[in-house]
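Student: this is a predicted model, with the sequence first.
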Amino acid sequence: MARQKWGSRWAFVLAAIGSAAGLGNAWRFPYMAYQNGGGAFYIPYFVALFIAGIPILMAEFAIGQGFQSSAPKALGKVSKNAEFIGWWAVITGSIITFYYNVIMAWIFNYLYHSLGVAWKNDPKGFFFGDFLKLTDGPGQLGGLRWPIVIGLLISWLWIYMILRKGTESVGKTVMWTVPLPVVLLLLLGIRGITLPGAATGLNYLFQPNFAKLADARVWANAFGQIFFSLSVAFGIMIAYGSYNSKKNDVANNAIITALGNSATSFLAGIAVFSVLGYMAQQMNVQVNEVVSGGVGLAFVVYPQAISLIPGGPIVQSIIGLAFFIMLLTLGIDSAFSLVEAIEAAAGDKFKVNKKSFLIGFSILGFIFGLLFATQGGLYWLDIIDHFMGTYALLVVGILESIVIGWIFGADRLRKYINSVSEIKIGGWFDLSLKFVIPIVLIIILGLNIFDEIKN
Ligand code: PFF
């Protein structure tokens, strides 16, 4: 059977941007920037983007497209013994989908609870107590939280519907799930910056603290954020690239994807920090007392800010809906891209029927997800997320860049990229794949291991 193809260049680019722009842009990037030097963080951020992020993205698009294969098979063609790296990537991806979808399930619930602002003045109590009914630690595996189970079911059904017809249905979906969150972020940002106190919040995000640039951790965080944010080292971009024709542009598409992803992060930063500034003013505290990232930002801090926004329950419900629809549409294309990478890998290797695999995997994902839908779910989610983000991905990134850069030959890949791309890339690409990426990632891995031992 002929390999499926994207319906248009834009279907591919939007799908790639959709995968890259996910929950991490909304709840990881703003917090990262705030913690790592504010405005000064953009320096390591852009350095990392240009010297590591864009080259590895180009390399992933190129090997997917050039070999017309998903990650394990494509890496197997790059070097005989490298297939396992691709499997490592997609297995890590599978594990991530199991809990990513649980977060999607929470968002579905919060969408519903936005009507009437159910958390009132106590979002923390609402999230941990009423909603998760959290127990301490892993102790009680029991206590399935039915609202989460239902959200999880909806999430998997949605993913199934989107992937059912492959690139055709994905192409149709990303035409709206990629622009919509951007529009919502713009609206939330406009509401945010027109609130009193917004400027103070934005100051925290943009005021540069250049002294931070002397801290190696800040640089490591910038590279880590770029890798995570571009969804590289999960096999996704390789699978997406494989649905292009061999002659498709690589360099330009990678640059558009990377810049589109960064733009989404900046918008999110403005939308989030303007509202945090307002909230701090209303509560008569400093902005740094309310700042948070991750789960705490989306399910506690931002909901609290919503309940302080003037205009009464109707306006607040609308802002809540806008915020959670934004998160949902931002997250869904990242969620299904992980599943697509796995499906593509299984399809290439075992010639399984796409649809049957998808149904089987969705059921499996739903069942594994139940672990995180129990009262101890957040505990497990934190632990697994920590290991995936801190180790699994880095190892894939290191091995991938070494195999492509040294064994296959960065210059060979660059020749291919230049033969199909509008923009021609120079020798810096080789330096990046052979030296910069592996060395930086090894340093980050070392720092992470050091932190782990120290704690
Ligand atoms: N790139 C996504 C983000 O920044 O939110 C996160 C992500 C998506 C990570 C897909 C991993 C993944 F496979």
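Tutor: Sure, I can see it.
Student: check which residues of the top helix by length along the chain are buried.
Tutor: As assigned by DSSP state H, the longest helix anywhere in the chain is helix 312-350. By 16 or more other Cβ atoms under 10 Å, the buried positions in helix 312-350 come out as 316-349. (C-beta placed from N, C-alpha, C; glycine too.)
Student: stretch 63-79 too?
Tutor: 63-78.
Student: go on, stretch 145-157?
Tutor: Using 16+ other Cβ under 10 Å as the test for burial, stretch 145-157 gives 145, 147-149, 151-153, 155-156.
Student: closest to residue 208 out of the residues you listed?
Tutor: In terms of Cβ to Cβ, no member of the buried residues of stretch 145-157 lies closer to residue 208 than residue 155, at 39.2 Å.
Student: spell out which residues of the stretch 301-450 of the chain are next to the ligand.
Tutor: The stretch 301-450 of the chain comes close to the ligand at residues 334, 337-338, as judged by Cβ under 6 Å from any ligand atom.
Student: show me what whichever strand or helix holds residue 88 is packed up against.
Tutor: Using DSSP states H and E, residue 88 sits within helix 83-114. Where contact means 3 or more Cβ pairs under 8 Å, 6 or more residues apart in numbering; DSSP states H and E, helix 83-114 is packed against helix 71-78, helix 146-163, helix 312-350, helix 354-369, helix 377-387, helix 393-402.
Student: now those as a markdown table including mean pLDDT?
Tutor: A markdown table is the format used below for the helices and strands packed on helix 83-114 (pLDDT from 0 to 100):
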| stretch | mean pLDDT |
| --- | --- |
| helix 71-78 | 98 |
| helix 146-163 | 98 |
| helix 312-350 | 97 |
| helix 354-369 | 96 |
| helix 377-387 | 87 |
| helix 393-402 | 96 |
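Student: so which of these gets nearest residue 202?
Tutor: Going by Cβ to Cβ, the one of these nearest residue 202 is helix 312-350, 18.0 Å.
Student: next, the angle from the closest one to helix 83-114.
Tutor: 160 degrees (axes from the mean of the first three to the mean of the last three Cα atoms, to 10 degrees).
Student: so how far does stretch 298-316 reach from one end to the other?
Tutor: Its first and final residues considered, stretch 298-316 spans 15 Å by Cα to Cα, to the nearest Å.
Student: do you know the pLDDT at residue 139?
Tutor: Listed pLDDT for residue 139 reads 53.
Student: what's the neighbour count on residue 277?
Tutor: With neighbours defined by other Cβ atoms under 10 Å, the count for residue 277 comes to 26.
Student: what sits closest to it if chain neighbours are left out?
Tutor: Distance criterion Cβ to Cβ, 6 or more residues apart in numbering; nearest residue to residue 277, sequence neighbours excluded, is residue 201 at 2.1 Å.
Student: check which residues of the helix or strand containing the one you found are buried.
Tutor: Assigning secondary structure by DSSP H and E places residue 201 in helix 198-206. In terms of neighbour count (16+ other Cβ under 10 Å), helix 198-206 has its buried residues at 198, 200-202, 204-206.
Student: can I get the CA coordinates of it in CSV?
Tutor: Extracted in CSV, the C-alpha atoms of helix 198-206 (Å, rounded to 0.1, in the frame of the first residue of the first chain):
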residue,chain,number,x,y,z
ALA,A,198,-1.0,43.9,34.5
ALA,A,199,2.1,45.9,34.0
THR,A,200,3.6,44.7,37.3
GLY,A,201,3.0,41.1,36.2
LEU,A,202,4.5,41.7,32.8
ASN,A,203,7.5,43.3,34.5
TYR,A,204,8.3,40.0,36.2
LEU,A,205,8.2,38.3,32.9
PHE,A,206,10.2,40.7,30.8
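Student: which helices and strands does that helix pack with?
Tutor: Helix 198-206 makes packing contacts with helix 29-35, helix 179-193, helix 251-283 when contacts are defined by 3+ Cβ pairs under 8 Å, 6+ apart.
Student: which residues are in contact with the residue of the stretch 251-400 of the chain at minimum distance from the ligand?
Tutor: Among all residues of the stretch 251-400 of the chain, residue 334 sits closest to the ligand, at 3.5 Å; criterion: Cβ to the nearest ligand atom. For residue 334, the contacting residues are 18-24, 100, 231, by Cβ atoms under 8 Å, 6 or more residues apart in numbering.
Student: can you give me the pLDDT of the residue nearest to residue 277?
Tutor: So, for residue 201, pLDDT stands at 97.
Student: again, but for the one 3 residues further on
Tutor: At residue 204 the predicted local distance difference test score is 95.
Student: what's the closest non-adjacent residue to it?
Tutor: residue 287 (4.9 Å).
Student: number of residues surrounding the one you found?
Tutor: Residues lying near residue 287 (other Cβ under 10 Å) number 21.
Student: that one is in contact with residue 280, isn't it?
Tutor: Yes. Applying Cβ atoms under 8 Å, one finds residue 287 in contact with residue 280, separated by 4.4 Å.
Student: what touches both of the two?
Tutor: 200-201.
Student: for the residue nearest to residue 204, give me its contacts.
Tutor: Counting by Cβ under 8 Å, 6+ apart, residue 287 touches 200-201, 203-204, 273, 276-277, 280.
Student: flag every buried residue along the least confident helix or strand in the chain by mean pLDDT.
Tutor: Sorting the helices and strands of the chain by mean pLDDT, DSSP states H and E puts helix 377-387 at the bottom, at a mean of 87. For helix 377-387, a neighbour-count test (16+ other Cβ under 10 Å) marks 377-381, 384-385 as buried.
Student: list of residues touching it?
Tutor: Counting by Cβ under 8 Å, 6+ apart, 95-96, 99, 102-103, 132, 134, 137-138, 145, 148, 295, 371-372 sit against helix 377-387.
Student: stretch 313-326 too?
Tutor: By Cβ under 8 Å, 6+ apart, the list of residues contacting stretch 313-326 reads 26, 107, 110-111, 113-117, 180-181, 184-185, 187-188, 191, 302-303, 306-307, 309.
Student: including distance to residue 418, could the buried residues of helix 198-206 go into JSON lines?
Tutor: As requested, the buried residues of helix 198-206 are exported to JSON lines (distance: Cβ to Cβ, whole Å):
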{"residue": "198", "distance to residue 418": "46"}
{"residue": "200", "distance to residue 418": "48"}
{"residue": "201", "distance to residue 418": "44"}
{"residue": "202", "distance to residue 418": "41"}
{"residue": "204", "distance to residue 418": "43"}
{"residue": "205", "distance to residue 418": "38"}
{"residue": "206", "distance to residue 418": "37"}
